[in-house]
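Engineer: Would you be able to build a 3D model of this:
(2 chains)
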Amino acid sequence: MPAPAVVLRGVGKRYRREAGGYRLRTLKSALLEGSLTSGLGAADAVEALEDVSFEVAAGEAVGVIGGNGSGKSTLIKLVAGLLRPTAGELAVNGRVAALIELGAGFHPEISGRENIFINGALLGLSRRVIEERYDDIVEFAGLSDFIEEPIKNYSSGMYVRLGFSVAIHTDPEILLVDEVLAVGDEEFVHRCIARIEEHLAGGGTLLFVSHSMGLVEELCDRAVWLDQGRSRAIGSPRRVIDAYLEGVAKREGEAHDRRRVRGAQQEQSPPEEEAAATAPAAEEEVLRWGSGQARIVGARLLAGTSAEERYHVHCGEAVAFELQVEPREALDDFVFGVGVKTPRGVDCWGTNTDLAGYEPRRLRGPVRVRLVCPELRLAPGEYTVDLAVHARDGRAYDYRRGAFRFTVAESSALRSIGLYLPDHEWQVEALPGGGAAPQAAIEWLSPVHANSGGGPRNAGRKAGAPSDSRRME
Amino acid sequence: MIEVARCLIRYRGLVWTLVLRELRARYRGSVLGFLWSLINPLLLLAVYSFVFSQILPRDVVSVEPYGVFLVTGLFPWIWVSTSLLEGCSSLTGNSALIRKAVFPVEVLPAVAVVANLVHFLLALPIVAVALILSRLLGYPIAGWTFVLLPAVLLIEVVMVAGLVFALSAVNVHFKDVRDLLGNVLVLAFFMAPIIYTLSDIPPGLAQVVQLNPFTSFTVAIQDLLFFGRLPVTGDWLVMAVIAVVSWAVGAGLFARLSDTLAEAV
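Structural biologist: Numbering: from 1, shown residues only, chains lettered A, B, ... in the order given. As a prediction, the model looks like this:
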C-alpha cells in the first residue's frame, strides 16, 4: 500500500492576537525560538486548530466542511505549507497545488501571457514546461482573446479563471481546493469540477473545502467536519454532512428558542385572558399567542424508522410532528394543527384534526399528539413548523409560529426544483422515423444512483461525461 | 544563512522571472518606457552637478571634471539606496502573495536587489560615454582598471542583499523601519564621499566618513572607474569583511523569522 498523501497527528495551530501590546515580546520569541506564539498566554493567542488527526490516502478525495471560522482554511494552509503547525505532526507526501486565492502572484500591469509564465514559475514550473502547457492553460481559462491585455483590465471572473487554470496545470499529485469554485460562473465551475474529477480518475489526491454539501458528497470519498478548530466527525460524506447539518439546525433552533422566549415574555405582561382575544397575528415579532386555556408545552420532530428526535431528515423519510398539550381546564372544543412553511413563509402543507374529521368531545389532561407521515416528500431545503391547539372556530388556545425548524438534506441523487418531490423517474423510447435506426436515436449516460454503493469514480461519472447530466431518481 | 544562499541558487530561475516582471511592469504605460531607466539617473545627475558646481562654492571639490566624478559615485549609490528601500518593503508589499502562494519567500528581497542592479548596469553606458569623452578632452582619468568593476559589484551585492534580508524581515514586524530607513539613507549619502572626495574634507572628518560601510565601496568604484587606479589590498579586505558580516546577520535574521512571515506579514 502506498504511503498516505497527507498525515495529520494531533495538529494544532495557534495565532497570536494583534490587539494589545505583545509585539515586542513576540518578536523576541520569534528571534529566539522561531515562533510567534510561544510565550503567549491563553489570552493572547487564538487556537485555530486543536488536536486534529486524520490521514488522506493517496488517491483519496476528502472534503472538509464546517462553519465560518472553524479552521478549514487554516487546515488547508497548513497542508499547503503556507503555515506551520504549532502542535502535532504533519506530513505531506507528493507535489501539492493549492487553489487558495487564485492569481495571488499576478501583476496587474503586465499581460495575461506574461503573468502565466510568472505565476507558473512561482508555482514551481520551469519555463519549458509552461511553454508546453501554455495553449492548454489559455484554452482552459477561455481567455484566448484577451491574453495580451494587461491583467488590470480583466474582470474578477477572468482573473480567477486564469489563476485556476495555471494552478491546475501544474500537474499536482495532491490538490488542495479552498472554496475557490464559488467565484466562477456556472460554466466554468462545471469545467473545474470535470477537471478535478479527471485529477481523481488519474489517481490524484484531493483535499476539498467547500460549503456546497452537494459537491462534497459528489466528489469526496470521506469528509471531515471541523467545528471551532476541532474535528467533530470523520467518515463517509453522507454521514458527516448529516451530522454537520444536524448540528447547524440544532444551533439555529436554540437561537430560535431564545427569541421565542423573549416573545413569550413580552406577551405575558398584559393580563393573559384579555391578550388572548386580541391576538396580534399581524405582527411578525410575536411568535406565540392564544388564550392559554390549553398550552403546547413540548414540540419535537421525530424521524426515521426508530423515531428519534432529529431536525435533519432525508426526502422520503418517515417523520412525526409531535406536540404535547396541557389543558388548563377541561375543554370540549379543541383542534390540533400542524403547518409546514418555508423560512420565507410560503405554506407547503398543513392539516389539523378538524379537517381530518375528528370531533372533539372532552380534553381533561395532558396529551401527546403526533402527526405521522410515513414518507415526507418535501424537496431539499429548510422548513419551519407552526403548531396550534385552537377551538373549531379558529380561536387560538396556543399558537406557536415556527415552533421548530428542520432541514431536508440535499442529495445529488435527488436534485429538483420546487418544494414537492414525488417519486419519479425518466423514461425514453425511440420513435420510428428520422432516418436513424431506433437504437441510435438517442445516446446518453444514465446517472449513477448515489445509494447504489458506487463511489465518485463510477463509469458514468468519469471525465468527459457531460457535466450537466442530471441525476434523478 | 547558507540555506538562504542555497535556496536563492536553486530558485535563480524564479528570481530572474520576477526581475523581468519588475522591469517590464515598471515602465508599462509610460511614453518613454524603458528609456526612463537612463533618463532618471541623468536628471538626478543634472540636479546634483548644478547644485554642487554652480550654487555651492566651486573650490570645495578638487576633482575635474566634477560631473563625471559624480556619475561614478552617484549611480552605484542609486542602486544601493533603491535596493534597500524597495527591498525593505518587498515582503510587506507582497503580503497577498506570501499568504496565498507556496514559494520560497527568499526570492522577494533578492528580486529587489537584482532588479535595481540591472537598472544600474543599464545605466553604465552613460558612465562609459562620460569617461571616454573626458579622456578625449584630455583629462587624465580612467583606464583599464574598469575591468575589475564586476568584482567590486559582486562583493557589494552580497552586502546589499544581507542588509535587505534583515530590513525586509524586521519590517514585517515593525513597519517603522521603512520610514527610519529613508532618513538613514540621506545621512549615509552625505556621509559617503560621493559628492566630494575624502581629501576635500578635514582629516578628522574623513575618519568618521570612513566608518560608513558604504564608503569603501564608493571609493573602490571611483578608483576603478574615475581615477583609473586599483584599490589596495586593505580596501578589498574591508569590503569582503563588511559583505560577509552583512550577509551572515541578514540571512540569519531572515531564516529565523521566515517561519512566522506568512501570518505576520
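
Engineer: contacts and neighbour counts: CA atoms only from here.
Structural biologist: Will do.

Engineer: The worst-scoring helix or strand of chain A on mean pLDDT: what's the following helix or strand?
Structural biologist: For chain A, the helix or strand with the lowest mean confidence is helix A:272-277, at a mean of 39 (criterion: mean pLDDT, DSSP states H and E). As assigned by DSSP states H and E, the chain's next helix or strand after helix A:272-277 is strand A:288-289.

Engineer: So the residue in the stretch 151-265 of chain B that chain A sits nearest to versus residue B:177, what's the distance?
Structural biologist: Nearest residue of the stretch 151-265 of chain B to chain A (C-alpha to the nearest C-alpha) works out as residue B:256 at 5.5 Å. Residue B:256 sits 18 Å away from residue B:177, taking C-alpha to C-alpha, to the nearest Å as the criterion.

Engineer: hang on, residue A:206 in a helix?
Structural biologist: No. Residue A:206 is assigned strand when assessed by DSSP: H, G, I helix; E, B strand; the rest coil, not a helix.

Engineer: Nearest the middle, which residue of the chain would you pick?
Structural biologist: Since you didn't name a chain, this refers to chain A. residue A:213 (3.8 Å; C-alpha atoms, centre = their mean).

Engineer: should've been chain B
Structural biologist: Nearest to chain B centroid, counting by C-alpha atoms, centre = their mean: residue B:80, 1.7 Å.

Engineer: Thought residue B:160 was touching that residue, still the case?
Structural biologist: Yes. Counting by C-alpha atoms under 8 Å, residue B:160 is a contact partner of residue B:80 at 6.7 Å.

Engineer: Where do the helices of the stretch 1-150 of chain B begin and end?
Structural biologist: B:2-10, B:12-26, B:36-50, B:66-88, B:95-100, B:107-136, B:149-173 (DSSP state H, counting those that start in this stretch).

Engineer: Measure how far the first one is from the centre of its chain, please.
Structural biologist: Helix B:2-10 has its C-alpha centroid displaced from the chain centroid by 21 Å (C-alpha atoms, centre = their mean, to the nearest Å).

Engineer: in it, what's buried?
Structural biologist: B:4, B:8 (16 or more other C-alpha atoms under 10 Å in any protein chain shown).

Engineer: Not counting it itself, show me its contacts.
Structural biologist: B:15, B:104, B:106-107, B:110, B:251, B:255 (C-alpha atoms under 8 Å, 6 or more residues apart in numbering or on different chains).

Engineer: quick one: which of those is nearest residue A:236?
Structural biologist: residue B:104 (36.6 Å; C-alpha to C-alpha).

Engineer: Count the neighbours of that closest one for me.
Structural biologist: 17 (other C-alpha atoms under 10 Å in any protein chain shown).

Engineer: now swap in residue A:17 and tell me
Structural biologist: 16.

Engineer: Against chain A, how distant is the residue nearest to the centre of chain B?
Structural biologist: 25 Å (C-alpha to the nearest C-alpha, to the nearest Å).

Engineer: do the same with residue B:127
Structural biologist: Using C-alpha to the nearest C-alpha, which is the criterion applied here, residue B:127 is 31 Å from chain A.

Engineer: Kindly report the same for residue B:111.
Structural biologist: Counting by C-alpha to the nearest C-alpha - residue B:111 and chain A are separated by 13 Å.

Engineer: Which of the helices of the stretch 1-150 of chain B sits closest to residue A:49?
Structural biologist: Here helix B:95-100 is closest among those (C-alpha to C-alpha), at 17.7 Å.

Engineer: Who are the packing partners of the closest one?
Structural biologist: Judged by 3 or more C-alpha pairs under 8 Å, 6 or more residues apart in numbering or on different chains; DSSP states H and E, helix B:95-100 is in contact with helix B:261-264.

Engineer: Buried by neighbour count: which residues of the helix it packs on qualify?
Structural biologist: Those would be B:261-262, B:264, for helix B:261-264 by 16+ other C-alpha under 10 Å.

Engineer: Chain A next: which of those residues are close?
Structural biologist: Restricting the buried residues of helix B:261-264 to those adjacent to chain A (criterion: C-alpha under 8 Å from any C-alpha of the partner chain) gives residue B:262.

Engineer: Could you list the low-pLDDT ranges of chain A?
Structural biologist: The model of chain A has pLDDT under 70 over residues A:1-2, A:18-43, A:103-104, A:182-184, A:253-286, A:411-414, A:434-436, A:438-439, A:448-473.

Engineer: got the domain boundaries for it?
Structural biologist: With domains defined by automatic domain parsing, chain A comprises A:6-242, A:250-412.

Engineer: Kindly present those as a markdown table, with separate columns for distance to chain B.
Structural biologist: Below are these laid out as a markdown table (distance: least, C-alpha to the nearest C-alpha, whole Å):
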| stretch | distance to chain B |
| --- | --- |
| domain A:6-242 | 5 |
| domain A:250-412 | 31 |
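
Engineer: can you put those domains in TSV and add distance to residue B:164?
Structural biologist: TSV is the format used below for the domains of chain A (distance: least, C-alpha to C-alpha, whole Å):
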stretch	distance to residue B:164
domain A:6-242	17
domain A:250-412	51
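
Engineer: Which one of the ones you listed lies nearest to residue B:151?
Structural biologist: When the domains of chain A are compared (using C-alpha to C-alpha), the closest one is domain A:6-242, at 30.0 Å.

Engineer: ok so, going back, show me which of the buried residues of helix B:261-264 is closest to residue A:163.
Structural biologist: residue B:262 (20.2 Å).

Engineer: Tell me which residues touch the closest one, please.
Structural biologist: Applying C-alpha under 8 Å, 6+ apart, the residues near residue B:262 are A:82-83, B:95, B:98-99.

Engineer: Which pair of those residues spans the longest distance?
Structural biologist: Once C-alpha to C-alpha is applied, these give A:83 and B:95 as the farthest pair, at 13.6 Å.
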